[in-house]
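Engineer: just a sequence and a predicted model for now, questions to come.
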Amino acid sequence: MARPTRGHHQGRDLEASFRAKSRQVRRRSDKVRTRLKAGKALPENALQGVVVTSAGPYWVVTPAGGAEAVICTVSGTVDSPETDTIVTVGDVVWIVPQEEMTEFGDPVGVIVKREERRTLLSRRAAGRARREQVVVANVDQLAIVVAAREPVYNKRLIDRYLIAADKGDLEPIIVVNKIDLVPATERAELIEDLAAYWDDLDLPVVFVSASTGEGLDALRKILHGCSTLLSGPSGVGKSSVINTLTDARLRVGAISSMYQKGRHTTTAAMVIALPDGGQLVDTPGLREFAVWELDAQELPYYFSEFTPYAEHCRYQPCSHHHEPGCAVIQAVEEGKIDPERYLSYLLLLDEVQQDHDLRR
Ligand SMILES: Nc1nc2c(ncn2[C@@H]2O[C@H](COP(=O)(O)OP(=O)(O)OP(=O)(O)O)[C@@H](O)[C@H]2O)c(=O)[nH]1
Ligand SMILES: [Mg+2]
Ligand SMILES: [Zn+2]
């Protein structure tokens, strides 16, 4: 097989080349239980770097100082603070360079240690197992990306993301893409529908179109100099928005759908530099987003606009669900709390209580 030329290594090409041979290796590596070894002395030739993406079973690590990306596996005795999601994109890791090269001529390394995460976006891993999945680590902001249309946004999902951002120490922003699909006569209604997010929660909400470029200057200002993770459902235009902000190569529907019968979807999280400082992290769309480890007692605190009322509830603590003399319910009835936010609260409360019952 011909080796791709240098400079051919970013984004899609790299991802495709490693993915091609990944399945067998993944099957094998799934069987090897990684043992954790805390406090082991680092080998002298270990380098610190950041995980910028995954490629099949490998992690792509950029060493500090901007050296060439290294294709890494995780050591069988990695030194890691947690057992779930030992390594993810955005992690600061220590790698030991290896003698050999990959079949494509890239340097190879082994991840031997991972540093504590400064921030993270976690969710409950899809499937039955009760396991935490850290989506991305060490970014400053979470851009919750939704579409105004096709597919129309879901406020329940936005509210779940807001809780996860709060838990993971991320500053949330809401990005509503595809506003070109909203006729001028319906724009005011769209803005009004999301008003609670900036009125009551004081969050930045930006309306953009990756297709027409509308609103992108406002978004650029918010992203400048920060590292921002873009997350949201599949097909809302996360990769398209990123493509308009940087010239990094990404999979965008229009082109690749010709080859892949409509499949344009991002398959791995990837760090992308912004031209004027800062970084974006593109992630695959998430079909569902279950907040990791949430209990009924802590839930009200994630709805910060309830707080000034909650202290006046007759019963303490109050679940704001059915209790007589509940000041939160009263505030909803008087229009002081957004009824949709309250609905999200009730649905989540129901979910965490069911979950609790199942566990007993
Ligand atoms: N009309 C319109 N279409 C858009 C806009 N942005 C993206 N699209 C289209 O929406 C589709 C999905 O875009 P992507 O950028 O691949 O969406 P994504 O959020 O990255 O999706 P995943 O990678 O699957 O999570 C593509 O066909 C885009 O051309 C927009 O602002 N307006
Ligand atoms: Mg994408
Ligand atoms: Zn109450």
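Structural biologist: It's in. Numbering: from 1, shown residues only. Ligands and ions are numbered 1, 2, ... in the order given.
Engineer: tell me the domain ranges of this structure?
Structural biologist: 11-114, 136-282, 299-359 (automatic domain parsing).
Engineer: reformat those as TSV; add mean pLDDT, mean neighbour count and distance to residue 290.
Structural biologist: Using the backbone N, CA and C atoms, a C-beta is placed for each residue, glycine as well. Listed next are these as TSV, based on pLDDT from 0 to 100; neighbours: other C-beta atoms under 10 Å; distance: least, C-beta to C-beta, whole Å:
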stretch	mean pLDDT	mean neighbour count	distance to residue 290
domain 11-114	78	17	14
domain 136-282	90	18	7
domain 299-359	94	16	8
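Engineer: and residue 128, which of those is closest to it?
Structural biologist: With C-beta to C-beta, the closest approach to residue 128 among the domains of the chain belongs to domain 299-359: 11.2 Å.
Engineer: ends of the closest one, what's the gap?
Structural biologist: 18 Å (C-alpha to C-alpha, to the nearest Å).
Engineer: now stretch 63-74
Structural biologist: Span of stretch 63-74 from end to end, C-alpha to C-alpha: 15 Å.
Engineer: residues in contact with that stretch: which ones?
Structural biologist: Applying C-beta atoms under 8 Å, 6 or more residues apart in numbering, the external contacts of stretch 63-74 come out as 9, 14, 18, 29, 34, 47-50, 52, 55, 57-62, 86-87, 93, 95, 97, 102, 106-111.
Engineer: give me that answer again for 6 Å
Structural biologist: Residues from elsewhere that reach stretch 63-74 (C-beta atoms under 6 Å, 6 or more residues apart in numbering): 47-49, 58-62, 87, 95, 102, 106-111.
Engineer: how about residue 119, nearest residue that isn't a chain neighbour?
Structural biologist: residue 169 (4.3 Å; C-beta to C-beta, 6 or more residues apart in numbering).
Engineer: kindly report the same for residue 289.
Structural biologist: residue 160 is the one closest to residue 289 (C-beta to C-beta, 6+ apart), at 5.0 Å.
Engineer: state the distance from the spatially most central residue of the chain to residue 127.
Structural biologist: Nearest residue to the geometric centre of the chain (C-alpha atoms, centre = their mean): residue 231, 4.6 Å. Using C-beta to C-beta, to the nearest Å, residue 231 is found at 19 Å from residue 127.
Engineer: now do the SS call for residue 109.
Structural biologist: Here residue 109 is recorded as strand under DSSP: H, G, I helix; E, B strand; the rest coil.
Engineer: quickly list what it is bridged to.
Structural biologist: Applying DSSP bridges to residue 109 gives these bridge partners: residue 72, residue 97.
Engineer: please renumber so the chain begins at 206
Structural biologist: Fine by me, first position is 206 from now on; the one you just mentioned is residue 314.
Engineer: please tell me how far it sits from ligand 3.
Structural biologist: Distance of residue 314 to ligand 3, given as C-beta to the ion, to the nearest Å: 54 Å.
Engineer: mind jotting down where the strands sit in the chain?
Structural biologist: 252-260, 263-268, 275-284, 297-306, 312-319, 325-329, 337-342, 346-352, 376-382, 410-412, 432-436, 475-478, 484-487 (DSSP state E).
Engineer: put together TSV for those strands, with distance to residue 425 on each row.
Structural biologist: As requested, the strands of the chain are exported to TSV (distance: least, C-beta to C-beta, whole Å):
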stretch	distance to residue 425
strand 252-260	22
strand 263-268	24
strand 275-284	31
strand 297-306	27
strand 312-319	32
strand 325-329	22
strand 337-342	21
strand 346-352	12
strand 376-382	12
strand 410-412	10
strand 432-436	11
strand 475-478	14
strand 484-487	11
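Engineer: in CSV, list these along with distance to ligand 2.
Structural biologist: What follows is these, written out as CSV (distance: least, C-beta to the ion, whole Å):
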stretch, distance to ligand 2
strand 252-260, 13
strand 263-268, 18
strand 275-284, 23
strand 297-306, 25
strand 312-319, 26
strand 325-329, 16
strand 337-342, 14
strand 346-352, 10
strand 376-382, 11
strand 410-412, 18
strand 432-436, 9
strand 475-478, 9
strand 484-487, 6
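Engineer: could I get these as TSV with distance to ligand 1?
Structural biologist: Compiled in TSV, the strands of the chain are given as follows (distance: least, C-beta to the nearest ligand atom, whole Å):
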stretch	distance to ligand 1
strand 252-260	14
strand 263-268	18
strand 275-284	23
strand 297-306	25
strand 312-319	26
strand 325-329	15
strand 337-342	12
strand 346-352	6
strand 376-382	5
strand 410-412	10
strand 432-436	8
strand 475-478	11
strand 484-487	7
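Engineer: which positions in the stretch 456-565 of the chain make contact with ligand 2?
Structural biologist: Residues of the stretch 456-565 of the chain lying close to ligand 2 by C-beta under 5 Å from the ion are residue 471.
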